[in-house]
Every structure is written in C-alpha cells, then in structure tokens.
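Visitor: Let me see the structure of the following:
(chains A and B)
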Amino acid sequence: MATLSPVRGTQDILPDEHRLYARVEETARDVASRYGYGEISTPIFEFSDVFSRTLGETSDIVTKEMYSFEKGDDRLTLRPEGTAGVARAVMSNGLRQHLPLKFFYRGPMFRYERPQKGRRRQFHQVGVELLGVAEPLGDVEVIALGHHVLSDLGLGDKVTLEINSLGDSESRQAYRDKLVAYFSRFKDELSADSKLRLEKNPLRILDSKDEGDRKFVADAPLLGDSLNDASRTFFDTVLNGLAALGISAKVNPRLVRGLDYYSHTAFEFTTDMLGAQGTVLAGGRYDGLFEMMGGPATAGIGWAAGIERLTMLIGEADAAPRPIAIVPLGAQAEAAALKIAQNLRHARLGVDLGYGGSMKSRMKRADKVKAIATVIIGDNELAKGVAAVRDMDSGQQTDVSLAELEQHLARYRVEEKK
RNA sequence: GCGAACGUAGCUCAGCGGUAGAGCUCUCGGUUGUGGUCCGAGCGGUCGUGGGUUCGAACCCCAUCGUUCGCCCCA
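Guide: Numbers count the residues shown, from 1 in each chain, chains lettered A, B, ... in the order given. Now for the predicted structure:
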C-alpha cells in the first residue's frame, strides 16, 4: 500500500487542478513576454556546487533541504530554486555578451521540508530574472511585472507588497555588525532559535515570531539608518518609480533575506489567506550571485512565485471545455461516427465519442462530460443521410444532413483565446 | 529537525470494546433508439500500516507511515 501512495510531499495534479496551474503559468508567461522576458528552461538537476556555492554552505536549504545524489563521480542535486540554474546557464552559454537579459521560467523545484499547506517537497514556481541591469529602474520593472501578474490573476486586492532595502555590501556589513553588537547584549535572553541566528544569520532575528525576541527587536537598530548615501538614493528611486506606476508598497524595515548575495531591494507580495505560508511572490536584487558562482560580477534582480499558493488563492478552476458528444447506434453507425468525429476534430471542435453501451448509457455519458450538443446517428438517420443533433441545454433536437453537419455545429465552437 | 491534532467506502462523515453504516458518487435497470429530475437494484472498505492488551478492537496501548496546523525555513 505504501508503494501505491505518492512520496511524502509530492502529489498528482489531476486535470481539474491542472487547469488552475495552467492559468497561473500562462498568465505569468503572457505578462512576462509583454515585458520582453523570454522563456528559459534549465535542467531540473545540476551539479550540487551550483546551489551550494550560491546559496551558501551554511544555509538551511543547502545543509538539510537539498535532494542530492551521486552518479558516477558527479554530485548532483534536484534544484531547490530557479535563480542559480539560470545564472549558470547564462555563463555556460556565453550569454553575458548579450546583457541585459530577461528570462521567464516555470517548473518544479524540490526541497526536503516538512510538508504543510502551500508547501510541498516538490513544488512549482514561475519566476523572472533580469540580468545585467544595475539601475534601480530594473527593480521597478521587475516588481511591476510581479504586480501585473498577480493582478491579472485577479489577486490585486488579496495581496500586499512589502519592500525593504538591504543596501549595498558596505551598508549591509555595517548594519550586520551593529545588529550583532546590539543583540549580543541580550544574548542569554534570546530564544534558542535566535541565539543560533546570531551566529549564522543575524538579520533573521528581525522577523522572529518569538514573543520574547520581539521586544528586543522593537528597539533594534534599523537597517534604513545604516544605508549609505548611494544605497539610500537607490532605494528612494525604486520607491518613487513604484509610486509613479501607482503600485502601493509598504516599507517593512524588518523584511530581510537570509542569503548573502542579496543586496538593495528585497520585496514580498503576501496574503493573510494562507496561514503561515503567506508569501506568494518574493524576490530581490542579487548583485553578488555571479561572483559567488565564480563568474564575473553581474547585476541581477528577480522573483519567484509558488504556483500551489497562487492556485489556492485564485479559487475555482475554469470549467472544462464542453465537447460535442457523438452517439452512434449499430455497427454501421459506429464506423460512420468514427469518421465524423475525426472530421469535426479537424474542424477544431471538441468531440467525445461514446465507446459502447446502450443508448441510454451513452446519453448519460454525454451529459457527464457536459456535452453542449449530442450527435445521434443510427440506422434511421444513416438511411436518410442525416444525424439527429440534440442541443443538451435546450433539449431541442433536429435532423441535420451529414453534409451540413460541420457547418451546423460550428456555432458550438469555443472562441479562440485572445 | 521540534510541538500538536487527525487518518473508517471514490468524496463528506457517523459508529468509539461484541462479528462494518449513511448521504453523495459510480454501475445497471424502470421493454424495442434519448441525458440532466424521479423510482428500484447493485458494485465498493483486511476501519492507513505493523505490533500489543483482551474471550473479543475500527474503537484501548505502542510504533510506523501519511495529512493538517504551528515553529524553523521559505515561494
């Protein structure tokens, strides 16, 4: 029995739900392409180094969440996120000479985490990366693109944008030092988690959910006060750009990123409708990433969004397209029906051909697939060279000559998507 | 990795120590070729799995797997 269950944290995506996934993916791809972002697919597994070098040997993702395996002499890892692979692809393909580059991607990611609502071990993301643009205008565009995708999905009023600046490396280092100095004074009173964070990742103490930590956090030095002039100006330019586009953003001075390659802008679109997994689309600027991979300094900014989380927010799946059902009666009619079905399909109509059973059961089948019309062909009809076409909503049934069938049914053709 | 709750037919759930139930779904029928309503019949569960306690366990105990909620982390 155990072997007939999916692996923990994985799931089958059945057709109804797949339409929801497709809607998210298609919306994101469509909006991204309007901003000039072309789709890129990188492999689902990479050399482990690609992730361990960029994410940091001590990060949670690398130390305990990666699906890694060896094959021959290669140490390989199922990708836990999308950015590292895209950056690697840029270098592998010598694409730096074409900077700036704009990419959209989608696909599965893998993280060995405790599954929760909106969090799976295999999950799916859509994301974008803008490479080679050091100017704050890039940040504005990327955030506007994320905002655009969410609002096209109808989530405009369900999410809020929070934003912060981590500053350049100089500002960030200065702040980090201040923060460590500050929290060290209360070291013994911090939560166990935050004591660890003080060593590994002091910025993370800022968004601790521990009650005891929070009162120290309240008086902690603010990142904003540590920004140097250049970083301050950069952040202001981003905020002004967003304001000019009418995108409201809430500056959250405690919004941080754990990974070292992040700098300047960090942002998250969050919702309060998904419990603890409220972050729906998040990203930031990662100007340090390429160097950590051993490449030349390259500016970068991007975001990723969890498709599972988005599908939970956008609600009901679109109805499946309604086919035309064909109900043949008798061997002769079945042979004719096969051809008719095929002709109609070539004419861009959706057709459901009943495979067997009584007429009653085939009619039920037609109803079950929500057929918009049913074409009934028996010996009587065949003798007259007609088919009985039944409109399944009105119940009206009329004989239509086989020659005019396609033309008659054209009214049921689903409109092409705009 | 830590804490908690839950796990009975495809779905939603009842049963809470004495040999498995309901509603919905599904299949077939209600005479010769007509769906959605109605009526009838039927299929379907070793009660997540493995141990233990007991004369006897879906019901008690332990373990394990899974789901959900929170922490950690993150999309």
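Visitor: Output the longest helix belonging to chain A.
Guide: helix A:15-34 (DSSP state H).
Visitor: List the contacts of that helix.
Guide: A:13, A:39, A:104, A:106, A:124, A:126, A:128, A:145, A:148-149, A:152-153, A:305, A:307, A:310-311, A:314, A:317-318, A:320 (Cβ atoms under 8 Å, 6 or more residues apart in numbering). For the C-beta atoms, the positions are set from N, CA and C on the backbone; glycine is no exception.
Visitor: same thing but at 6 Å, please
Guide: Here helix A:15-34 makes contact (Cβ atoms under 6 Å, 6 or more residues apart in numbering) with A:104, A:106, A:126, A:128, A:148-149, A:152-153, A:307, A:310-311, A:317-318.
Visitor: got those as a markdown table, with neighbour count, secondary structure and pLDDT columns?
Guide: Shown next, in a markdown table, are the contacts of helix A:15-34 (neighbours: other Cβ atoms under 10 Å; DSSP: H, G, I helix; E, B strand; the rest coil; pLDDT from 0 to 100):
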| residue | neighbour count | secondary structure | pLDDT |
| --- | --- | --- | --- |
| A:Phe104 | 25 | strand | 98 |
| A:Arg106 | 22 | strand | 96 |
| A:Val126 | 27 | strand | 96 |
| A:Val128 | 27 | strand | 97 |
| A:His148 | 19 | helix | 97 |
| A:Val149 | 26 | helix | 97 |
| A:Asp152 | 14 | helix | 95 |
| A:Leu153 | 21 | coil | 94 |
| A:Ile307 | 24 | helix | 94 |
| A:Leu310 | 29 | helix | 93 |
| A:Thr311 | 22 | helix | 91 |
| A:Ala317 | 16 | coil | 67 |
| A:Asp318 | 11 | coil | 72 |
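Visitor: What pairs with the helix or strand that comes right after the longest helix of chain A, parallel or antiparallel?
Guide: Using DSSP states H and E, the next helix or strand after helix A:15-34 towards the C-terminus is strand A:38-39. When pairing is defined by DSSP bridges, strand A:38-39 lines up against strand A:101-110 (parallel).
Visitor: Any buried residues in the partner strand, and which?
Guide: By 16 or more other Cβ atoms under 10 Å, the buried positions in strand A:101-110 come out as A:Leu101, A:Lys102, A:Phe103, A:Phe104, A:Tyr105, A:Arg106, A:Gly107, A:Met109, A:Phe110.
Visitor: now that strand, how far from the chain's geometric center?
Guide: Strand A:101-110 sits 9 Å away from the centroid of its parent chain (Cα atoms, centre = their mean, to the nearest Å).
Visitor: ok so, going back, buried residues in the longest helix of chain A?
Guide: A:Arg19, A:Leu20, A:Tyr21, A:Arg23, A:Val24, A:Glu25, A:Thr27, A:Ala28, A:Arg29, A:Val31, A:Ala32.
Visitor: Pipe these into TSV and attach pLDDT and distance to A:Phe47 per row.
Guide: As requested, the buried residues of helix A:15-34 are exported to TSV (pLDDT from 0 to 100; distance: Cβ to Cβ, whole Å):
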residue	pLDDT	distance to A:Phe47
A:Arg19	89	36
A:Leu20	90	34
A:Tyr21	91	29
A:Arg23	92	34
A:Val24	94	30
A:Glu25	96	27
A:Thr27	96	33
A:Ala28	97	28
A:Arg29	97	28
A:Val31	97	32
A:Ala32	97	27
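Visitor: who in the stretch 201-350 of chain A is up against RNA strand B?
Guide: A:201, A:204, A:208-210, A:258-259, A:268, A:275-282, A:304-306, A:308-309, A:329 (Cβ under 7 Å from any atom of the strand).
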